[in-house]
Every structure is written in structure tokens, then in C-alpha cells.
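**Student:** Predicted model and sequence below, questions to follow.
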Amino acid sequence: MDAPRTLAIVLFDEAEVLDFCGPFEVFSLARREPETPDFHVLTVSADGNLISARNGLRVHPDCSLADCPRVDVLLVPGGMGTRQEMHNVELIDWIRTRAESAELVLSVCTGALLLAKAGLLEGCEATTHHLAIDLLRKVAPEITVHADRRFVDNGKVVTSAGVAAGIDMSLHVVGRLLGEEIARATARHMEYPWPTNVTR
């Protein structure tokens, strides 16, 4: 059995809760062997200190940007906090640097804005929360933005629409990496209806 992939979820104040908790659940549960996880899921914030997510949920990340180990899969959630984090040079540089060596880079909702600011959506197609479609087009006018897709898979970079769409994207990625049956089993365990007849 291969070593589990390290999947890092970036956290910041006012991150949308289901944007990161939904994928956290999917990747934590996905496994080919009952007792052997295929993903080591960790959370990371700027300084590793407590963050206050959307609606006041307080979360203590596993590590800081400086202490984060090597990342195989990088996931950036959205939420109102992205409007401020778009201008956080340290975070944007860290995302850009970690993306270079990562196998996959994922965003949920307005996390796509941070990927765009890091230059990671150049030459890609993307999606985001339906209320932020115009903002993403303004931030990254050179990319094709889809308002009608649940998620968009470019190969290395995968973006999803808002909030719950991150679960669909995560199950899709599990299917890519571990096989469709593992993705279906994970969805069944979560009692989540997948695959659905949604536009990808």
C-alpha cells in the first residue's frame, strides 16, 4: 500500500464552513483498505492559531504556513474571508509555491479568487459561487469562467462552485485518484447522493 497523500486545507477567518468541512469529510473517509487512510488531511493557517470561520465556528489549525509539511493535494476554500485574503501577499505566495510541487490544486467557492491571484488559473477554465462569477471574471479576465457547472476539472487544477459543490468535486477527485468504486463507497458512507446528474 502506498503512503497516504498529504492533503492540506487552507483556513482563514470567515472561511465558509462547508467549503472545508465537506471536503475534509470526503477525503478523511476515502480509503481502499478499511483501516488504512489514503489521505492524511490537515488544516493550515497563516500562523497556526485559532481562526474564526463563517458564522463564528472556531477552528484550531494543525499547523502554520511555515510549519506545513510537503503537500500532495492543496485545497483552498472560499467564504467572505477571501475578499481580504486576496490581498494577503504571504498567503498568495505560499499557495503559488506549494502548488508548484503539488499533484493537485483544488478550490471551493470563492477559493478560486485566491488561485486566480496566485496565477494558477491562467490557461484554465474555472467556476466559483454563482454570486461571485462576475468578480472572478474581473480578477482573472483571461480565463473562461463557467456559471453553470458544479465543478471544472483542468487536470492539475480543479475548481468547484459554491459551498456544497465542494463535496461533489472532492468525490470526483477521489474517483480520479482511487477509482470510481471508492468514490461511490465514500458517498454511500456519507449518505450523499452521488454521482448526480449535474453539469461538471
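**Tutor:** Cool, the structure landed.

**Student:** so which helix or strand takes in the residue most central in space within the chain?
**Tutor:** For the chain, residue 75 is the residue whose C-alpha lies nearest the centre (C-alpha atoms, centre = their mean; 3.1 Å). Assigned by DSSP states H and E, residue 75 belongs to strand 73-76.

**Student:** Against which helices or strands is the helix or strand just after that strand packed?
**Tutor:** Downstream of strand 73-76, the next assigned helix or strand under DSSP H and E is helix 82-85. The criterion is 3 or more C-beta pairs under 8 Å, 6 or more residues apart in numbering; DSSP states H and E, and the helices and strands that helix 82-85 contacts are helix 111-117. To be clear about C-beta, it is placed using only N, CA and C from the backbone, and glycine gets the same treatment.

**Student:** what about the helix it packs on, distance to the chain center?
**Tutor:** 11 Å (C-alpha atoms, centre = their mean, to the nearest Å).

**Student:** which other residues reach it?
**Tutor:** 10, 19, 75-78, 82-83, 85-86, 91-92, 95, 99, 105, 107, 121, 126-128, 132, 135-136, 139-140, 143, 157, 159 (C-beta atoms under 8 Å, 6 or more residues apart in numbering).

**Student:** Any quick PyMOL command for the buried ones out of these?
**Tutor:** Buried subset of those, written as a PyMOL selection, criterion 16 or more other C-beta atoms under 10 Å:
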select buried, resi 10+19+75+76+77+78+82+85+86+91+92+95+99+105+107+121+126+127+128+132+135+136+139+140+143+157+159
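
**Student:** Next, find the distance separating residue 123 from residue 140.
**Tutor:** 11 Å (C-beta to C-beta, to the nearest Å).

**Student:** same thing with residue 108?
**Tutor:** 17 Å.

**Student:** Which parts of this structure are strands?
**Tutor:** 5-10, 39-45, 51-52, 58-59, 63-64, 73-76, 104-108, 125-126, 144-145, 151-153, 157-160 (DSSP state E).

**Student:** Among those strands, which comes closest to residue 171?
**Tutor:** Counting by C-beta to C-beta, residue 171 lies closest to strand 151-153 out of the strands of the chain; the figure is 9.8 Å.

**Student:** Name the strands paired with that closest one and say parallel or antiparallel.
**Tutor:** Strand pairing for strand 151-153, using DSSP bridges, gives strand 157-160 (antiparallel).

**Student:** Tell me which residues are up against the strand it pairs with.
**Tutor:** Counting by C-beta under 8 Å, 6+ apart, 104-109, 111-112, 115, 120-121, 124, 126-128, 150-152, 166, 168-169, 172-173 sit against strand 157-160.
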